[in-house]
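S.K.: Need a 3D model of the following:
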Amino acid sequence: MTDLSVRTIRNYLKSGLVSGEKTEGAWLFSVEDFAKMLTNPAIKPSIKTKGNGVIFDFIADDRKKNNKICTILDLYADDEESEEISRFFCNTINNNYSTADLVFKFERYGKNVRVILSGGEDVVSDLINKYYSH
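M.R.: Residues are numbered from 1 along each chain as shown. I've put the predicted structure just below:
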């Protein structure tokens, strides 16, 4: 979800910048742990660069074989609303679209939240509709 490499995330875990729980050989992150990682000042620039890459890759791909959407939601939200937005997208994606061709990026800068979604038009449209109807 961050497009950061496994090695990078392991380094963040080792240095204490990220917290999670290792279960059966796999690292698991709670919504709260993930939200902290996304807003950590030492990590945020890397995630932002990767998020911008999603947009540039979408635009540069002129050989798409399926209909696709790349959309950016810029939302104004206080801390509680921001957590709710993050939780909604993380939970909804994990429970409904974990195997879908979908890229999700979440950025927060003060009261500004940016959600980037890229993938098949049916998946992205459905997710956006779920967000606005919840």
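S.K.: pLDDT (mean, whole number) over stretch 47-67?
M.R.: This predicted structure assigns stretch 47-67 an average pLDDT of 85.
S.K.: need the contact list for the nearest residue to Leu38 once chain neighbours are set aside.
M.R.: Nearest non-adjacent residue to Leu38, counting by C-beta to C-beta, 6 or more residues apart in numbering: Phe106, 5.6 Å away. Backbone N, C-alpha and C define where each C-beta goes, glycine included. For Phe106, the contact set (C-beta atoms under 8 Å, 6 or more residues apart in numbering) comprises 1, 38, 85-86, 89-90, 113-116.
S.K.: Tell me the bridge partners for Phe106.
M.R.: Val115 (DSSP bridges).
S.K.: any chance you could map the helices in the chain?
M.R.: Using DSSP state H, the helices assigned to the chain run over residues 6-15, 31-39, 44-60, 79-96, 121-133.
S.K.: Flag every buried residue along the shortest one.
M.R.: Across helix 31-39, burial judged by 16 or more other C-beta atoms under 10 Å covers 34-35, 37-39.
S.K.: Include distance to Val6 and pLDDT when you put those into a markdown table, please.
M.R.: Supplementary listing: the buried residues of helix 31-39 in a markdown table, determined by distance: C-beta to C-beta, whole Å; pLDDT from 0 to 100:
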| residue | distance to Val6 | pLDDT |
| --- | --- | --- |
| Phe34 | 15 | 84 |
| Ala35 | 20 | 82 |
| Met37 | 14 | 87 |
| Leu38 | 17 | 80 |
| Thr39 | 21 | 81 |
